Each structure stands twice: as C-alpha cells, then as structure tokens.
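**Student:** fold the following for me, if possible:
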Amino acid sequence: MAKAILGIKRGMTQVFDDQGNIVPVTVIESQPSVVVQKKTVETDGYLALQLGFGEVKERRVNRPQRGHFARARVTPRRWLREVRVESVADVNVGDEIGVDIFAAGEEVVVTGVSKGKGFQGVVKRYHFRGGPASHGSMVHRKPQSAGATDAARIFKGTKRPGQMGHERVTVKGLRVVRVDRERNLLLIRGAVPGPDGNLVMVRGE
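**Tutor:** Numbers count the residues shown, from 1 in each chain. Just a heads-up that it's a prediction; the model follows:
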C-alpha cells in the first residue's frame, strides 16, 4: 500500500508527551483517500497511484472527470493527486487509504502550498539589509543596483521585488506524534506549509 494520504490542515495546538513536556503539533484531518487510477510503466511510462480526496457534488464535476470516476467505480472526489510508488501490484482501484498507515514516532514528509503574501519588496522577500536609515539617504528599502548596465536587461535569477509565497513547499523530517483513527486525525510535530483549510499531502520518509 502507498505510504501517502491527502488531508486538510486544521491548525496548530499542543499536546503533552509521556514525560509531561509540551509538544507543538499541527492537526491534519484526513478522511480516507481512494485510489482512482493505477499508472504503470507499460501504459504511462512510470509507476504511480492517483488518489482522490474530498467529497464533491456530481454536478460540480465536468463530463471528462465524471467518466474518469465512473471508470474507476468511485464517487467523484474534489481533488486528484499522484504519488510515485515502487510497485502497484498490491493495490487495487477503489482501495481506501486512511491515517492508520502511519504510527506515532514515524517520520513523514509534508507537501503543501505556502501562504501567499502578495507583491513584496526585497527587504521582506529576500531579507536584504536595506540602505542607510538616516535623513537624506533616500534609499532605505530600495534594491539598489540591478546588475550589469551594458546588457540592457535584467538577468534571470536576480533578486528583485515580486510575488512572494503561494508556491509548492515540501517539509521533510516531521514526526507523527499521535494518530486518531476514530476522528481521522494526524498530529504532526512542527509547522506544516499553507494556511488552515489548505490541502496537504503526507508521505512516509
């Protein structure tokens, strides 16, 4: 079975470990993810499982997706995500994967979309020091030189003001603190990318 599930970040809280120490955790709610499609080397060139997550009304699913779910004989799901696996032999379309595939103390990798912060300058976006703050400098938070002047263009990769955040982020080395099978909750030590209510993928190390 694939060691991966989809879930919704519900926020952060704290719990106590066996020694009585406070442990900050992120709560992830994960109703069972269903296997919608198996991808094989013969048909697709690689091995992967397509997971469906989240309930959605059938009228909100377009006709190609409706046929895709009907072929798999599963009810329509709001999100579809792929996860690479080493083998798909022991998995069948329609199988459900829940939080019970993880155990307390296990290390996991969490992928999500970070919080969007809009258009930001270089001081906030790249932690530039900034110019002199005294009276008359007029370059307090400006990016200063843009690079070479004879090229008549800005080179790719130059640190400039622009859109900050709202990008795919993967955090490794997180650890499962508690698994609540009855309420389909995963408690993971540390911070998980994205705002509350954001879709995340949790995979085994």
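**Student:** domain ranges for the chain, per the record?
**Tutor:** Using automatic domain parsing, the domain parsing of the chain gives 4-117+168-204, 118-146+154-165.
**Student:** would you format the ones you listed as JSON lines with mean pLDDT and mean neighbour count included?
**Tutor:** The C-beta positions use only the backbone N, C-alpha and C, and glycine is treated the same way. Putting the domains of the chain into JSON lines (pLDDT from 0 to 100; neighbours: other CB atoms under 10 Å) gives the following:
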{"stretch": "domain 4-117+168-204", "mean pLDDT": "92", "mean neighbour count": "15"}
{"stretch": "domain 118-146+154-165", "mean pLDDT": "90", "mean neighbour count": "12"}
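**Student:** center of the chain - which residue?
**Tutor:** With distances taken as CA atoms, centre = their mean, the residue of the chain nearest its centroid is residue 112 (1.5 Å).
**Student:** please identify the helix or strand for that one.
**Tutor:** strand 107-113 (DSSP states H and E).
**Student:** direction included, what does that strand pair up with?
**Tutor:** Strand pairing for strand 107-113, determined by DSSP bridges: strand 168-180 (antiparallel), strand 199-204 (antiparallel).
**Student:** what's the angle from the helix or strand where residue 36 lies to strand 199-204?
**Tutor:** Using DSSP H and E, residue 36 falls within strand 33-39. Relative orientation of strand 33-39 versus strand 199-204 (axes from the mean of the first three to the mean of the last three CA atoms, to 10 degrees): 70 degrees.
**Student:** packing partners for strand 33-39?
**Tutor:** If contacts are counted by 3 or more CB pairs under 8 Å, 6 or more residues apart in numbering; DSSP states H and E, strand 33-39 sits against strand 4-16, strand 48-55, helix 63-72, strand 77-84, strand 96-97.
**Student:** using PDB, write out the CA atom coordinates for stretch 122-137.
**Tutor:** Provided in PDB are the C-alpha atoms of stretch 122-137 (Å, rounded to 0.1, in the frame of the first residue of the first chain):
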ATOM      1  CA  VAL A 122      13.400  42.800  -1.500                       C
ATOM      2  CA  VAL A 123      13.800  43.600   2.300                       C
ATOM      3  CA  LYS A 124      10.800  41.300   3.200                       C
ATOM      4  CA  ARG A 125      11.200  38.900   0.200                       C
ATOM      5  CA  TYR A 126      14.900  38.200   0.400                       C
ATOM      6  CA  HIS A 127      15.900  39.700   3.800                       C
ATOM      7  CA  PHE A 128      18.000  42.500   2.200                       C
ATOM      8  CA  ARG A 129      19.600  44.700   4.900                       C
ATOM      9  CA  GLY A 130      18.400  47.900   3.300                       C
ATOM     10  CA  GLY A 131      20.200  51.200   2.900                       C
ATOM     11  CA  PRO A 132      21.100  53.900   5.400                       C
ATOM     12  CA  ALA A 133      18.200  54.900   7.600                       C
ATOM     13  CA  SER A 134      19.400  58.500   8.300                       C
ATOM     14  CA  HIS A 135      17.900  61.600   6.900                       C
ATOM     15  CA  GLY A 136      18.600  62.300   3.200                       C
ATOM     16  CA  SER A 137      19.700  58.800   2.100                       C
END
